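Enquirer: Give me a model of this one.
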Amino acid sequence: MSVVTEPTLDALLQGTHIWRGDSQAEVAVPSVPTGHGALDALLPGGGWPRAALVELLVPRQGIGELSLLIPMLARLSGTGQWIALIAPPHIPYAPALATAGIDLARLLIVHPGNGGDTLWAMEQTLGSGSCSAVIGWPSFVNERGLRRLQLAAETGRALGVYFSSGQSTSSSLAALRLQLTPAAERLRVHVLKVRGSGLGATLMLDTRPKAPSLRSSSLPSSAPLPAAALPSGNASLPSSSSLLPEGEGDVFLLPPGREIKEEGGFARSAQSATIDPPCV
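Expert: Presented below is the predicted three-dimensional model:
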């Protein structure tokens, strides 16, 4: 005869379905530091919540939103698990990611065919147990889809982040919701939802990359990129450069057809590297 063990009160309070809006809020799975001390101080666990969803609301693409996640991605890429980017709107620039400390050999980029496939790919990668983080750009999301993503994140103990645009709503299944807006050379981060006492806080974060120029880095322009980062069709990176208007685009994401821009020690190129392997 089997004995059914009832969960303890402490175990229940740490669950993702129990909400504590005070300073006693805790997390069941260790969080991942954001790389920004002021933001870590507001979040229970001191970082991005694992086994949970994070919603980042942006007024438009290319305000530096991915730069906010780069320290976390660099840390997780060293764990031996995969990092999956699902349906990124622009081309990630491999040398900039590598210079920021991200192991390109652990990076997967998936281009689904439509919005429904994007949610499916996010669900599969989150629940696979092989991905430490899944970053998605879904064209739409609904309550049913968010529930499935949350359950998948809990099953795979992975961090799930998705970007949304437009006006913020008062309800969401995401454990953490941040509204991002550009502010000169910084990023304004407003906390819309959080476990703990940081609700309503606003931070000004400098997310500009703090890395040496690629000319003096471990990835000089003449050095070959890792196989997973090579552009398709054996295309080479252009050697010429032209400055784009200030504030256009994230340093790690480049719309197709743009030329190189150097900003904060990083170079960007239209011939950026992507890979399209299955993650599951």
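
Enquirer: switch to C-alpha atoms for all contacts and neighbour counts from now on
Expert: Fine.

Enquirer: A helix includes Ala152, no?
Expert: Yes. Ala152: assigned to a helix according to DSSP: H, G, I helix; E, B strand; the rest coil.

Enquirer: Low-confidence ranges, the stretch 151-280 of the chain, go.
Expert: Applying pLDDT under 70 to the stretch 151-280 of the chain flags residues 166-171, 210-280.

Enquirer: run the last query once more with 50
Expert: Scanning the stretch 151-280 of the chain for pLDDT under 50 picks out the ranges 211-249, 257-280.

Enquirer: need the strands for the protein, in chain order.
Expert: Assigned by DSSP state E, the chain shows strands spanning 52-58, 82-86, 91-92, 107-110, 131-136, 159-165, 176-183, 186-193, 202-205, 253-254, 261-263, 266-268.

Enquirer: These into a markdown table, with extra columns for distance to Thr99 and mean neighbour count?
Expert: Shown next, in a markdown table, are the strands of the chain (distance: least, CA to CA, whole Å; neighbours: other CA atoms under 10 Å):
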| stretch | distance to Thr99 | mean neighbour count |
| --- | --- | --- |
| strand 52-58 | 24 | 24 |
| strand 82-86 | 16 | 24 |
| strand 91-92 | 13 | 23 |
| strand 107-110 | 14 | 21 |
| strand 131-136 | 19 | 26 |
| strand 159-165 | 22 | 22 |
| strand 176-183 | 24 | 20 |
| strand 186-193 | 21 | 20 |
| strand 202-205 | 20 | 16 |
| strand 253-254 | 14 | 25 |
| strand 261-263 | 13 | 18 |
| strand 266-268 | 8 | 23 |
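
Enquirer: Relative to Gly46, which of the ones you listed is closest?
Expert: Gly46 lies closest to strand 176-183 among those, at 12.7 Å (CA to CA).

Enquirer: Quick check: can you name the pairing partners of that closest one and their directions?
Expert: Strand pairing for strand 176-183, using DSSP bridges, gives strand 52-58 (parallel), strand 186-193 (antiparallel).

Enquirer: before we move on, back to that, can you tell which of the strands of the chain is closest to Leu76?
Expert: Taking CA to CA, strand 131-136 is the member of the strands of the chain nearest to Leu76, at 6.5 Å.

Enquirer: Show me what the mean pLDDT comes to for the closest one.
Expert: Mean pLDDT, strand 131-136: 97.

Enquirer: Give me the contact list for it.
Expert: Contact partners of strand 131-136, identified using CA atoms under 8 Å, 6 or more residues apart in numbering, comprise 73, 76, 81-88, 118, 122, 125-126, 156-163.
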